[in-house]
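Participant: this one's sequence-less:
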Ligand SMILES: [Zn+2]
């Protein structure tokens, strides 16, 4: 059983858990495994404001899934923002083109906003669609996420972590390995659908 070293983060007394090393966190295979730290960030909000904590989760992955550990998932807000930025770029492009006299299409000019939003949304959606996991994999992005962090009111020590798993076998192994910690309420494992990011803090 590997001791979890998560960096300079304070934990409540008795807090102890480990990540399983028996199968790949992303695809569940039991071959060619290696342990790699996954850089995982989570913002928490205490009395005086928010802090972002960085955890190095020692996950076990196969060679094929190793790159996914570096792909931090995008939230829906991120995706919308990217879509809007692409739309704005398209609108700017149309305007510059129209202004230079190369564009003799009143339809484009009249429906600039709508066309830009549609084109921007479509292009962004295509871009996100390309980021699909390989057939065996459960996620293109990081296979384990921190869904919730409970911190003690007074000193901010971590009292509980809810982990979201993209692969059921790895989640099951985690639950089995950490029965005591789950019972004590230190950790909890929940299923995460592919690439989904829980928006709750
Ligand atoms: Zn794998």
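Facilitator: That came through, no problem. This one's a predicted model, so the numbers in the text were calculated from it and none came from an experiment.
Participant: domain parsing for this protein?
Facilitator: Following automatic domain parsing, one gets these domains for the chain: 1-70+139-201, 76-130.
Participant: now, of the ones you listed, which is deepest in the fold?
Facilitator: Mean neighbour count (mean count of other Cβ atoms under 10 Å) peaks for domain 1-70+139-201 among these, with a mean of 17. All C-beta atoms are positioned from the backbone trio N, CA, C, and that covers glycine.
Participant: Which of the three states applies to the residue at minimal distance from the centre of the chain?
Facilitator: With distances taken as Cα atoms, centre = their mean, residue 73 lies nearest the centre of the chain, 3.1 Å away. The local conformation at residue 73, judged by DSSP: H, G, I helix; E, B strand; the rest coil, is coil.
Participant: ditto for residue 137
Facilitator: coil.
Participant: Need the pLDDT of it.
Facilitator: Looking at residue 137, its pLDDT stands at 92.
Participant: State the number of residues packed around it.
Facilitator: 21 (other Cβ atoms under 10 Å).
Participant: Just to check, it is in contact with residue 66?
Facilitator: No - between residue 137 and residue 66 there is no contact under Cβ atoms under 8 Å: 11.4 Å.
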